Each structure stands twice: as C-alpha cells, then as structure tokens.
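Undergrad: Here's a sequence, model it:
(4 chains)
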There are 2 protein chains.
Amino acid sequence: MVSDKVNTKSKIQDVAEGFIIKGGYDSFSFRDIAEAVGIKSASVHYHYPTKGDLVAAVMARYISHFSSQLPDPLSVELNPIEMLHGFIDGFKVKVVDQGNMSLCTMLTWNKSVLPDVVCEELASFYNIILDWLIKIFMRLDSVNDEKAQLQANQLFACLHGASILAQGTNNANCFDQAVAYWRMTYPLTA
Amino acid sequence: MVSDKVNTKSKIQDVAEGFIIKGGYDSFSFRDIAEAVGIKSASVHYHYPTKGDLVAAVMARYISHFSSQLPDPLSVELNPIEMLHGFIDGFKVKVVDQGNMSLCTMLTWNKSVLPDVVCEELASFYNIILDWLIKIFMRLDSVNDEKAQLQANQLFACLHGASILAQGTNNANCFDQAVAYWRMTYPLTA
DNA sequence: TATTATCTATCTAGTGATAGGTATTTTATT
DNA sequence: AATAAAATACCTATCACTAGATAGATAATA
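TA: I've put the predicted structure just below:
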C-alpha cells in the first residue's frame, strides 16, 4: 500500500531525528533505526540508500516544518515582542526541559562527515532563522537593516551558547542567565 | 627511556586533541592516532588503555594549560578591559582563523558517549572560565556578584554561539557581529 | 633480572552497503 | 473481468571494512 510506505518512511525519519538530536550523526546505525521501526536494516536502505540520504531527508523535513511554524514576522496582528519571547521560550523548552539540542545545531558538529547537500541545507536553515529575527528586530526598534542584523546574530548566538552552557555545566540556570539580557531589553509587559 | 615514554604520550595527546577539535570524539580511532604518531594501535592502548582514558587525559591537560594561561583577573597591574578583549580575541583566533572549535565545546556534543570522568572535567572547565569572567566583570562594573555572574554567562554563551553561527553559516562575519555588543560596551580605548 | 615500550597477530562486535529472493499490491493488456 | 507485467516493500544472508581491545613475543633500558 502507498500509505504503508509513507508511514514507514516517516517512521524512519522520526527515529533518525530522535537519534540525531540525542547524539548526532555518528550516534546511530541503520540497525538501530531498523530495530526501533520494527523492520530490518536492509529495508531502511531500501527507503534511504545511504546514511547521507536519510539525514538529508530528515533535515529537509525539519526545516520545512520549522519554517512553517514560524509566525509571519510582518503580520500586523502579531506582537513582535511576543513573537520574540515565543522564539526564546521554544528554544528553552527543547534545550532545558527536553534536554535536547536543535537538530541543526547537532548536525553542525558533524559537518565534516556530512554530504554537501546537508551542509547547504544547514546554512539555509540558519539564514531562514536570521532573516526572521531581522524582521522582528526591524519592527521592534524601527532601526536600520544593519543594526537589526546585528541583533539577530547576537540573539541567535546567545541562544546557541546558552544551550551549550546549560549542557556543559549541567546547570539549567545558566540558560536563563545567558538569555536574561534579551528578556529584560524587550519585556513582555511593555 | 623515560623521556621517550613521555614524548610518545604527549604526542598521542597532541594528535588526539587535533582530531577531537576537528571532528569530536567519534571522528578518530586508535589506528588513526597510531598512524599519525608513527606507532601501532596496540601501543596506543599501552599508554591509554581505553579511549575514555585517552580523552580524559587530553581534557585534563587542556584544562590545566588553559587555566595556567589565563591572566590573574585580580592583578592590579593588568587592565580588565584588555583581559576581556584578549579572551574574546583568543576565542576568535581559534574559531575563525583556525577554523576549529574549543576542545571542550566539541566534547560537550559527545557527552552521551563520554566517560563520567570526562563529563565532570567538562563541567569544571566551564566553571573555571565562568569564575574568571565573573572576576573580570566585578572589576569592570564594580557591581554585585549576581550581575557579574549574569554578564559572565552572557558573554560566554555569546562566544560559543558565535562559533556555531560562524561554522554553520560558513560566514566568519557572523562571529564579529555576534560579539560586537561586548566590544562596544567595553571599548579598548576607554 | 625486571621494567618499559613497542611489536605482531588476533578477537569480537559493529558499520554501511549490496545481492538476491519473496510476497503483495498496482497497473496494463487482453 | 481475468490475467500478465511491473513496481513496492520487505526479507535473509552476506560482503568488506573498521572499531576498541587483548594476548603474547621481543627488544631495549635500568
């Protein structure tokens, strides 16, 4: 059945995404995935010939899902401050509450062994987020493009660094401290 | 000879450190190290029975070296602003100019497969740096301990995030942008 | 002689990947 | 509608290779 095929494919992607988030590209094998899905490793190869193909598919799905979930930064009905806080809080949920890293953050660490396609998708993902943040900051401060770009880079770097710090020190408190500047500079109840 | 032993041991550590910096814990094997050093893999096991032992040794050496290179943050002869810039610039040299990540940053990504000893050393490393930064910020702003801690977390997170951003986007400019706030807030020529 | 540092040779377990077979379901042809 | 052909999704079995690790021999040093 066609629907079975689709289910298996997405199951494989689900499982692979879980593995990548927890330990990166090298942390799982085709057999690990097969076992979790309930098929044999050869069947995983049937759907995704190489590991690179599999990771590329997972990446593409993740980016597309992530992008579609980002609210329109230019929508007049949406409050840019609330969107900013939503972005920060979303990051925190993943990193602190669920103890995971962003899929793309994890894969950035494995760039040297990833297929070129995946590396390009990685770069495009980062740029999607930066562009979104730039639009938010343009609305928040009504500043020029350059300063908004600066702020976007700073916030994004801060969030990633906060993740490492929280993981490295085993201290979730580090995350909030590292992010405090942005929460204070753009308070929710303005 | 004793000196031979020492040389081989430190050579092994040198090579291992290089591998970790470039690709993390999973990116190299005992055979890779043996080849680079010019011995056989069994001889690497002689010096460091397990991979965990080897990485623990590399970590310990790195932390000790890093700590001893940090200037005394409380020395009255040293300018805290210059020390801060030195810290930031040192980070940039590694990440942007040499294209590497900090050893500990890399290993944080492999925490799930690392021996507990290494994880503890990781946490201690982060705390050493945070403590150092806290002392610097205490001198810079003469503020209370809490605010200095906040700033230390923020700068440290910023630096790590800037590294990821620079690597992920293949755009070295991101690093400077992400770090710009700190360079402007504490300018060298005050 | 004992210790140190290295070697050769090998083990077990795991890796990504492929060949070839088998049902099952779709599609095309009669 | 019945049948042939083809595509789909899985399987078993296996390949070549690499991983970390160990046993036991050997040479050099103390």
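Undergrad: how about the helices of chain A, start to end?
TA: Using DSSP state H, the helices of chain A run over A:2-23, A:30-37, A:41-47, A:51-69, A:80-92, A:103-108, A:116-141, A:145-169, A:173-185.
Undergrad: Output those in TSV; the columns should cover mean neighbour count, mean pLDDT and distance to DNA strand C.
TA: Bear in mind the C-beta positions are built from the backbone N, C-alpha and C, glycine included. Putting the helices of chain A into TSV (neighbours: other CB atoms under 10 Å in any protein chain shown; pLDDT from 0 to 100; distance: least, CB to the nearest atom of the strand, whole Å) gives the following:
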stretch	mean neighbour count	mean pLDDT	distance to DNA strand C
helix A:2-23	16	82	6
helix A:30-37	17	94	4
helix A:41-47	16	94	3
helix A:51-69	17	94	4
helix A:80-92	18	95	29
helix A:103-108	24	87	14
helix A:116-141	19	92	13
helix A:145-169	24	89	23
helix A:173-185	19	92	31
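Undergrad: out of these, nearest to B:Val113?
TA: With CB to CB as the criterion, B:Val113 lies closest to helix A:2-23 of the helices of chain A, at 6.8 Å.
Undergrad: name the helices or strands packed onto that closest one?
TA: Applying 3 or more CB pairs under 8 Å, 6 or more residues apart in numbering or on different chains; DSSP states H and E, we find helix A:2-23 packed against helix A:30-37, helix A:41-47, helix A:51-69, helix A:103-108.
Undergrad: Nearest to B:Glu121 among those would be which one?
TA: B:Glu121 lies closest to helix A:103-108 among those, at 21.9 Å (CB to CB).
Undergrad: can you give me phi and psi for the residue in chain A positioned nearest to DNA strand C?
TA: Closest contact between chain A and DNA strand C, by CB to the nearest atom of the strand, is at A:Ser29 (2.8 Å). Backbone dihedrals for A:Ser29, given as degrees, to the nearest 10, come out at phi -120, psi 170.
Undergrad: Ok, A:Gln98 next?
TA: Per-residue torsions, A:Gln98: phi -90, psi -10 (degrees, to the nearest 10).
Undergrad: Next, count neighbours for the residue nearest to A:Val96 when sequence neighbours are not counted.
TA: In space, and not counting its chain neighbours, A:Val96 is closest to A:Ala172: 4.7 Å by CB to CB, 6 or more residues apart in numbering or on different chains. The number of residues packed near A:Ala172 is 15, by other CB atoms under 10 Å in any protein chain shown.
Undergrad: do you know how far A:Ala172 is from B:Asn153?
TA: In this view, A:Ala172 and B:Asn153 are 12 Å apart by CB to CB, to the nearest Å.
Undergrad: got it, and A:Phe125?
TA: 26 Å.
Undergrad: got the contact list for the closest residue to the residue of chain A closest to DNA strand C other than its chain neighbours?
TA: Ranked by CB to CB, 6+ apart and with sequence neighbours excluded, the top spatial neighbour of A:Ser29 is A:Ser41, at 7.7 Å. Contacts for A:Ser41 (CB atoms under 8 Å, 6 or more residues apart in numbering or on different chains) come out as A:Ser29, A:Phe30, A:Arg31, A:Ile33, A:Ala34.
Undergrad: If we use 6 Å, what do you get?
TA: A:Ser41 makes contact with A:Phe30, A:Arg31, A:Ala34 under the criterion CB atoms under 6 Å, 6 or more residues apart in numbering or on different chains.
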